[in-house]
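Chemist: Below: sequence and its predicted model.
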Amino acid sequence: MNLWNKLMCYSRRRSPWLFHMNSGSCNGCDIELVASLTPRYDAEQLGVRLEGSPRHADILCVTGPVTRNAVGAIKTVYSQVCGPKAVVAIGSCPATTNVFIDSRTLDGPLDKHIPVDVYVPGCPPRPDAIVQGVARAAQILADRAANKPVVEVKAELPTEEVRQ
Amino acid sequence: MSYKIPMGPYHPALEEPYKLDLICEGETVRDAKLHIGFNFRGIEHLAETRNYIQVIALMERVCGICSNIHTLTLCQAMEKLTGQTPPPRAQYIRVIMAELERLHSHVLWAGIAAKLMGFKTMFMTCFELREKVMDVLQAISGNRVNYSMNRIGGVNRDIDDPAALLIMIDVLEKEMVRKVIPIFTTSSTARSRCADIGVLTNAKAISLGVVGPVARASGVAQDLRRAAPYAAYAEMDFQVPVESAGDVRARLMVRALEIMESCNILRQALTKLPPGELNAGEGKLAFITGTATSRVEAPRGEVMYSVSWKEGSNKPARVHVRTPTFVNMPAIRSMVQGARLADTPLIQASIDPCYSCTDR
């Protein structure tokens, strides 16, 4: 890998731009995503910025259980994000459709339509967890750009001490 | 020559997916068409397949911003069908949760309005302040968004230490008075972006039947906390702020004053918190056949639930929800007519729309 490629990988990891997409979410995850960018949790220290256009973004953050009306838009937006790209599914809804399971107006979960790299479970997940998920996606982005194999990280279960 | 500008459904100025087709002449908006339904999850149908415990968890997820209000309204309706009365302490805790929710919702709205004005610093300030409200909510319920506080006949969790929460409320109010309210009311940037835009006259407000802060900013003095008190609101002493201008600035002022009133109500409720039980008792609930309705003043206006039940069933026969955005949304059309195109994001946000509540 030459110097230029190394620099590109570093930049991808250190300045991931997000596009936030609401695919029928209840706003819970959406406000937590916004809260994770604000002073208390400060995802901007990782170089994260929320972008208005998918064409400027590297990471697609999807919330919501994927309603039938949103399926077309999700595919369009995913194809508009320039490669290399990563997808973060925020909340339990895009992962499993959560409490809305069995609804006839849903066409979820999200991985039926686009490949998902990081799942951030929770209803809604705490902003800390969202920041961690985005940081993980940024690493995947850099690995993908360098053509390195993406290492799968298994969830670490909290130890007894942490739980108490 | 008029032309059409589609705004949305996925647009940086919108927090949620919905579509606004603006018919413009030059820079002036002549008409607007609103398309909704991108958030339609079929919750009302799903509610008919869930039992009376599951339906509370489901309805909490109608909206992530006013989650507590939805369970409160549903539980009040179901209490009418089971004949249970929540004890006084539970009523007070319900008031405290509802007011904290109003507080965080209004601060959130102030932040989003500031962002749409192009006032990013203010957006960050508001969200920093909102985290302080979230701290109080988390201290009470352990959660940041879905508090799961309400149950049929009472509340799930107690407030152990009201005195500690009082200190947090004082800090909050001081920050509001010192930072947020002066900037929104006196700053020339904020004033020039909000004054005289998106005007909804009093007559128009009445004919459209708008509710909540939108109605109160157009001179319609209606508030369910005052007009039809629920929970422990009858025992609280508070003002209902009303403005007559009907523009975005008036809506901003009403919400700013409501933040102060919420702090006032919270202080009263925490001081007067009566001792006693948290719920009307354990055991299997017996529902009677019939329909019960319940109305509550949510941060955005009036929420109504109508719950039908058949005796012997543990699932509702029908749960109907009427949300404030459903009635406030048509007002956007008359607000944007004649407005400048650049003002439309702020005007549509000024009703504090919640399309996930409306689509369900």
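Modeler: Perfect, thanks for sending it.
Chemist: Report the distance from stretch B:61-68 to the chain centre.
Modeler: With C-alpha atoms, centre = their mean, to the nearest Å as the basis, stretch B:61-68 stands 9 Å off its chain's centre.
Chemist: So what touches it?
Modeler: By C-beta atoms under 8 Å, 6 or more residues apart in numbering or on different chains, the residues outside stretch B:61-68 that reach it are A:25-31, A:98-100, A:123-124, B:43, B:60, B:70, B:97-98, B:101, B:104-105, B:108, B:145-147, B:149-150, B:298-300, B:303, B:321, B:323, B:354, B:356-357, B:360. To be clear about C-beta, it is placed using only N, CA and C from the backbone, and glycine gets the same treatment.
Chemist: taking those residues one by one, which sit in helices?
Modeler: A:28-31, B:43, B:60, B:70, B:97-98, B:101, B:104-105, B:108, B:356-357 (DSSP state H).
Chemist: Can you select the buried ones among those residues for me in ChimeraX?
Modeler: Selection of the buried residues among the ones in helices among the contacts of stretch B:61-68 in ChimeraX, burial being defined by 16 or more other C-beta atoms under 10 Å in any protein chain shown:
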select /A:28,29,30,31 /B:43,60,70,97,98,101,104,105,108,356,357
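Chemist: all strands for the chain, in order.
Modeler: By default, I'm working from chain A. A:17-22, A:49-50, A:59-63, A:86-90, A:118-120 (DSSP state E).
Chemist: Oops, wrong one, chain B.
Modeler: B:3-7, B:19-25, B:28-35, B:150-151, B:154-155, B:290-298, B:301-309, B:318-322.
Chemist: With distance to B:Met117, mean pLDDT and mean neighbour count as extra columns, can I get the ones you listed in CSV?
Modeler: Shown next, in CSV, are the strands of chain B (distance: least, C-beta to C-beta, whole Å; pLDDT from 0 to 100; neighbours: other C-beta atoms under 10 Å in any protein chain shown):
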stretch, distance to B:Met117, mean pLDDT, mean neighbour count
strand B:3-7, 17, 84, 12
strand B:19-25, 18, 86, 17
strand B:28-35, 18, 86, 16
strand B:150-151, 36, 88, 26
strand B:154-155, 38, 88, 26
strand B:290-298, 25, 91, 19
strand B:301-309, 23, 90, 22
strand B:318-322, 31, 91, 19
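Chemist: Turn these into TSV, columns for distance to B:Ile169.
Modeler: As requested, these are exported to TSV (distance: least, C-beta to C-beta, whole Å):
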stretch	distance to B:Ile169
strand B:3-7	39
strand B:19-25	38
strand B:28-35	38
strand B:150-151	21
strand B:154-155	19
strand B:290-298	20
strand B:301-309	24
strand B:318-322	31
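Chemist: What backbone torsions are found at the residue in the stretch 1-150 of chain B that chain A sits nearest to?
Modeler: Residue nearest to chain A within the stretch 1-150 of chain B: B:Gly64 (2.6 Å; C-beta to the nearest C-beta). For B:Gly64, the backbone dihedrals (degrees, to the nearest 10) come out as phi -80, psi -20.
Chemist: Same check on B:Gly118?
Modeler: For B:Gly118, the backbone dihedrals (degrees, to the nearest 10) come out as phi 90, psi 20.
Chemist: OK, contacts around the closest residue to chain B within chain A?
Modeler: Chain B sits closest to A:Gly28 of chain A, with a gap of 2.6 Å, by C-beta to the nearest C-beta. A:Gly28 makes contact with A:Gly91, A:Cys123, A:Pro124, B:Arg61, B:Gly64, B:Ile65, B:Ser67, B:Val145, B:Asn146 under the criterion C-beta under 8 Å, 6+ apart.
Chemist: what about the spatially most central residue of chain A, distance to B:Thr185?
Modeler: For chain A, the residue whose C-alpha lies nearest the mean C-alpha position (C-alpha atoms, centre = their mean) is A:Val88; its distance is 1.8 Å. Distance, A:Val88 to B:Thr185, using C-beta to C-beta, to the nearest Å: 39 Å.
Chemist: what helices or strands is the longest helix seen in chain A leaning on?
Modeler: Longest helix of chain A, by residue count under DSSP H: helix A:127-145. Secondary-structure packing of helix A:127-145 (3 or more C-beta pairs under 8 Å, 6 or more residues apart in numbering or on different chains; DSSP states H and E): helix A:3-14, helix A:28-37, strand A:59-63, strand A:86-90, strand A:118-120.
Chemist: which residues touch B:Val240?
Modeler: Applying C-beta under 8 Å, 6+ apart, the residues near B:Val240 are B:Arg216, B:Ala221, B:Asp223, B:Arg225, B:Arg226, B:Glu261.
Chemist: Can you tell me which of these is closest to B:Arg50?
Modeler: B:Arg225 (29.4 Å; C-beta to C-beta).
Chemist: Excluding sequence neighbours, find me the nearest residue to residue 111.
Modeler: You didn't pick a chain, so chain A it is. Closest residue to A:Asp111 apart from its sequence neighbours, by C-beta to C-beta, 6 or more residues apart in numbering or on different chains: A:Ala89 at 7.6 Å.
Chemist: hm, I was asking about chain B
Modeler: B:Cys126 (3.4 Å).
Chemist: Contacts only, for that neighbour.
Modeler: B:Val107, B:Leu108, B:Ala110, B:Gly111, B:Ala114, B:Val180.
Chemist: farthest pair in these?
Modeler: Using C-beta to C-beta, those span at most 11.9 Å, a distance reached by B:Leu108 and B:Val180.
Chemist: low-confidence ranges in the chain?
Modeler: No chain specified, so I'll use chain A. Across chain A, the ranges flagged by pLDDT under 70 are A:150-164.
Chemist: Chain B, not that one
Modeler: B:12-13.
Chemist: Please list the residues of it that sit near chain A.
Modeler: Residues of chain B lying close to chain A (C-beta under 8 Å from any C-beta of the partner chain) are B:9-12, B:15-17, B:37-43, B:45-46, B:49, B:57-58, B:61-65, B:67, B:108, B:123-124, B:127-128, B:130-131, B:134, B:144-146, B:354, B:356, B:359.
Chemist: Show me the helices in the stretch 51-200 of chain B, by range?
Modeler: Secondary structure of the stretch 51-200 of chain B by DSSP state H, counting those that start in this stretch: the helices cover B:54-60, B:67-82, B:88-117, B:120-141, B:162-175, B:181-186, B:188-194.
Chemist: quick one: which of those is nearest B:Ser350?
Modeler: It is, among these and with distance given as C-beta to C-beta, helix B:88-117, at 7.0 Å.
Chemist: and the direction of the closest one versus that of helix B:67-82, what angle?
Modeler: Helix B:88-117 runs at 140 degrees relative to helix B:67-82, counting by axes from the mean of the first three to the mean of the last three C-alpha atoms, to 10 degrees.
Chemist: Which strands or helices does helix B:88-117 pack on?
Modeler: Against helix B:88-117 (3+ C-beta pairs under 8 Å, 6+ apart) you get helix B:67-82, helix B:120-141, strand B:154-155, helix B:188-194, helix B:248-272, helix B:344-350.
Chemist: related to what we said a few turns ago, A:Gly64 is in contact with the residue nearest to A:Asp111, correct?
Modeler: No: contact between A:Ala89 and A:Gly64 fails when scored by C-beta atoms under 8 Å: they sit 9.6 Å apart.
Chemist: more neighbours, the two?
Modeler: Comparing A:Ala89 with A:Gly64 by other C-beta atoms under 10 Å in any protein chain shown, the one with more neighbours is A:Gly64, at 34 against 28.
Chemist: Can you name the residues that contact that one?
Modeler: A:Asn22, A:Ser23, A:Gly24, A:Ser25, A:Cys26, A:Cys29, A:Ala70, A:Gly91, A:Cys93, A:Pro94, B:Asn39.
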